[in-house]
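Asks: following is a predicted model, sequence given first.
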Amino acid sequence: MYTITTGGASSPSRSDSRSSGSRGRSYSSSREGGFSRGNSRGGYSSRGGSRGGFRGGDRGPRTINPKRGFKKDYIDEKLFINKEVGVTETDHYKPKHKFTDFGIAEMLSANLTAKGLISPSPIQDQSIAEIISGKDVIGIASTGTGKTAAFLIPLINKLVADKDHKIMVLTPTRELAQQVEAEFVAFTRGMKLFSVSCVGGAPIMRQIKELELGVHAVIGTPGRVKDLIERGKINMNLFESIVLDEADRMLDMGFIDDMRTILGKMPKTKQGLFFSATFSPDIKRLCADFLNNPITVSVKSRDTAASVMQDVVRVQGDNEKVEALHEILMKPEYSKVLIFREMKRHVDGLAEELNKRGFKALALHGDMHNRERERAVKALESGKVQVVIATDVAARGLDISDISLVVNYDIPNNYETYIHRIGRTGRGTKLGHALTFVPRR
């Protein structure tokens with residue numbers, strides 16, 4: 001149900017490098033080999049340092065939680081089944097506001113309208129005004145419900161009012177960081193507000209150059225952000241607002257020490273926003289340590305979206321699994337399919353097998369060059385391939401429109417991961433399908 005409860009330096013001059021009135025930056029041949037940045041910021045190659053040329057995964061996690069990292073939780077098969085897809089409480093929700101009611105800047109409002117955002121989702125409707133007022137907020141909502149816009153809209157509005165204000169958004173994966181920055185760019189078009197995505201595996205010198213030019217928003221993964229802080233390239237005393245996006249996942253990935261270090265270097269007077277689909281005891285302790293009398297906004301009516309029809313496929317052995325998958329992919333309604341496997345080598349193997357069978361398929365996992373990962377995402381988005389097989393690097397943050405089917409080829413380690421996997425389909429008001437392969441009894 002929907003509840004709100006109460007809980008316990010200026011940037012350098014831009015005239016030499018940024019064109020007036022545009023989001024792009026242009027560089028002469030003396031900068032990065034003569035590449036230029038256009039106004040459109042289209043695709044993944046439009047932002048130096050946060051797009052092309054990544055290698056490997058984020059180097060951030062310093063520790064691993066052995067309980068989550070190596071031991072699978074028991075998940076009752078009944079939780080993989082939901083055949084009654086229909087209207088939910090969220091569908092009945094009538095927002096109390098329009099975006100224009102929040103008193104946001106005119107250009108921000110126009111950019112939202114251009115993106116088709118007129119009426120806020122429940123999490124946006126109930127949290128934006130609280131964030132604009134300066135309160136700390138804990139936002140709890142299922143994946144695909146608009147959490148990113150819920151925190152970006154009010155924070156961008158703060159930047160419009162005070163160009164010296166700086167915001168930081170921490171995310172568990174580079175894909176999510178890039179997508180959050182893409183939303184920031186879309187919302188701030190023409191507003192002379194600049195951002196940089198600081199993620200592991202990317203050329204750090206490009207990110208340093210962006211920071212030296214001066215940015216209003218840093219969006220990144222904890223490991224890389226901590227590295228830049230230690231190099232003296234990010235001064236956390238200048239950041240007055242911070243967002244932990246998918247905070248529970250960052251804890252699962254072993255980022256707790258990095259998160260505490262980053263938060264501990266911020267000024268005492270700051271605004272903290274923690275957004276997540278779940279609210280574990282570890283998150284509660286983190287909130288107690290770093291948030292000041294936070295408002296909790298919870299709009300979760302159930303763990304998994306009722307817009308996703310879920311079922312199991314009973315199979316025995318590898319040969320039977322791949323044959324069953326073959327039959328599923330032959331169905332014309334499954335034109336965009338995301339398949340999850342646990343291990344990277346199994347991702348590559350299944351992608352190779354499906355291509356041999358005539359399906360257009362690509363792999364996606366942390367050992368791939370980032371350009372390859374981006375190519376897989378864009379290929380599925382555009383319909384150039386039917387299938388992407390991925391590890392759980394794709395379980396959060398990927399917002400690919402119209403994914404028709406999610407397949408859990410391997411049962412996830414825990415139910416929270418399952419929730420986020422199937423959250424890649426049935427997003428917004430659309431319906432989706434999710435199938436989980438389980439051993440035949």
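Replies: Sure thing, it's come through.

Asks: domains in the protein, by residue range?
Replies: 3-70+89-298, 307-439 (automatic domain parsing).

Asks: mind checking how far the longest one is from the chain centre?
Replies: Relative to its parent chain, domain 3-70+89-298 has a centroid offset of 10 Å by CA atoms, centre = their mean, to the nearest Å.

Asks: cool, and the last one?
Replies: Between the centre of domain 307-439 and the centre of its host chain there is 18 Å, according to CA atoms, centre = their mean.

Asks: using the three-state scheme, assign Ile123.
Replies: With DSSP: H, G, I helix; E, B strand; the rest coil as the basis, Ile123 sits in helix.

Asks: next: Val169.
Replies: Assigned with three-state DSSP, Val169 falls in the strand class.

Asks: circling back to that earlier point, the domains of the chain: which one's closest to Lys83?
Replies: Of all these, it is domain 307-439 that lies closest to Lys83, at 6.1 Å by CB to CB. For glycine as for every other residue, the C-beta is placed from the backbone atoms N, C-alpha and C.

Asks: one step back: pipe the domains of the chain into TSV and attach distance to Lys83, mean pLDDT and mean neighbour count per row.
Replies: Listed next are these as TSV, based on distance: least, CB to CB, whole Å; pLDDT from 0 to 100; neighbours: other CB atoms under 10 Å:
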stretch	distance to Lys83	mean pLDDT	mean neighbour count
domain 3-70+89-298	18	78	19
domain 307-439	6	91	19
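
Asks: closest to Leu79 out of those domains?
Replies: domain 307-439 (6.3 Å).

Asks: end to end on that closest one, go ahead and measure it.
Replies: 26 Å (CA to CA, to the nearest Å).

Asks: just stretch 96-111 next, same as before
Replies: Chord length of stretch 96-111, first to last residue, is 21 Å (CA to CA).

Asks: also stretch 405-418?
Replies: 14 Å.

Asks: kindly report the same for stretch 199-215.
Replies: End-to-end distance of stretch 199-215 (CA to CA): 15 Å.

Asks: ok, which of the domains of the chain comes nearest Glu77?
Replies: Closest to Glu77 of these is domain 307-439 (CB to CB; 5.7 Å).

Asks: still on that earlier bit, which of the domains of the chain sits closest to Asn82?
Replies: domain 307-439 (4.2 Å).

Asks: how near is the residue lying closest to Val438 once chain neighbours are set aside to Thr113?
Replies: If the residues on either side of it in the chain are set aside, Val438 comes closest to Val312, at 4.9 Å by CB to CB, 6 or more residues apart in numbering. Distance, Val312 to Thr113, using CB to CB, to the nearest Å: 42 Å.

Asks: likewise Gly272?
Replies: From Gly272 over to Thr113 the distance is 29 Å, taken as CB to CB.

Asks: check which helix or strand Thr436 maps to.
Replies: Taking DSSP states H and E as the criterion, Thr436 maps to strand 432-439.

Asks: ok, residues contacting that strand?
Replies: Strand 432-439 has contacts (CB atoms under 8 Å, 6 or more residues apart in numbering) with 77, 80, 305, 307-316, 321, 324-325, 328, 334, 403-411, 418, 421-422, 425-426.

Asks: now intersect these with the helices, please.
Replies: Under the assignment DSSP state H, these contribute Lys321, Ala324, Leu325, Ile328, Tyr418, Arg421, Ile422 to helices.

Asks: let me know the closest of those to Ile229.
Replies: Taking CB to CB as the measure, Ile229 lies nearest Arg421 of these, at 32.4 Å.

Asks: who's in contact with that closest one?
Replies: So Arg421 contacts Phe340, Asp392, Ala395, Val406, Asn408, Pro412, Ala434 (CB under 8 Å, 6+ apart).

Asks: what's the farthest-apart pair in those?
Replies: Farthest apart among the contacts of Arg421 by CB to CB are Asp392 and Ala434. That separation is 14.7 Å.

Asks: does Ala277 touch Ile140 like I think?
Replies: Yes: counting by CB atoms under 8 Å, Ala277 does reach Ile140; the two are 7.2 Å apart.

Asks: thinking again about what came up before, so what are the sheet partners of the strand holding Thr436 and their directions?
Replies: Strand 432-439 has its sheet partners listed here by DSSP bridges as strand 308-315 (parallel), strand 405-408 (parallel).

Asks: so which of those gets nearest Glu230?
Replies: With CB to CB as the measure, strand 405-408 is the member of the strands paired with strand 432-439 nearest Glu230 (38.5 Å).

Asks: what's in contact with that closest one?
Replies: 80, 308, 325, 328, 334, 336-340, 418, 421-422, 424-425, 432-437.

Asks: picking up where we left off before, can you put the strands paired with strand 432-439 in TSV and add distance to Leu263?
Replies: Shown next, in TSV, are those (distance: least, CB to CB, whole Å):
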stretch	distance to Leu263
strand 308-315	34
strand 405-408	33
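
Asks: closest one to Gln126 among these?
Replies: Per CB to CB, nearest to Gln126 of those: strand 308-315, 23.3 Å.

Asks: first-to-last residue distance for stretch 187-200?
Replies: Using CA to CA, the end-to-end distance of stretch 187-200 comes to 25 Å.

Asks: any idea of the pLDDT on Tyr2?
Replies: We have a pLDDT of 39 for Tyr2.

Asks: what bridges to Met168?
Replies: Assigned bridge partners for Met168, using DSSP bridges, are Val218, Ile242.

Asks: ok so Glu352 is a strand residue?
Replies: No: counting by three-state DSSP, Glu352 is not part of a strand but helix.

Asks: state the distance from it to Ile75.
Replies: Distance, Glu352 to Ile75, by CB to CB: 29 Å.

Asks: what of Asp136?
Replies: Asp136 sits 34 Å away from Ile75, going by CB to CB.

Asks: who's in contact with the residue nearest to Val438?
Replies: Contacts of Val312 by CB under 8 Å, 6+ apart are Glu77, Phe80, Ile81, Leu435, Thr436, Phe437, Val438.

Asks: got CSV for those, with distance to Gly358 too?
Replies: Below are the contacts of Val312 laid out as CSV (distance: CB to CB, whole Å):
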residue, distance to Gly358
Glu77, 31
Phe80, 29
Ile81, 31
Leu435, 20
Thr436, 25
Phe437, 21
Val438, 27
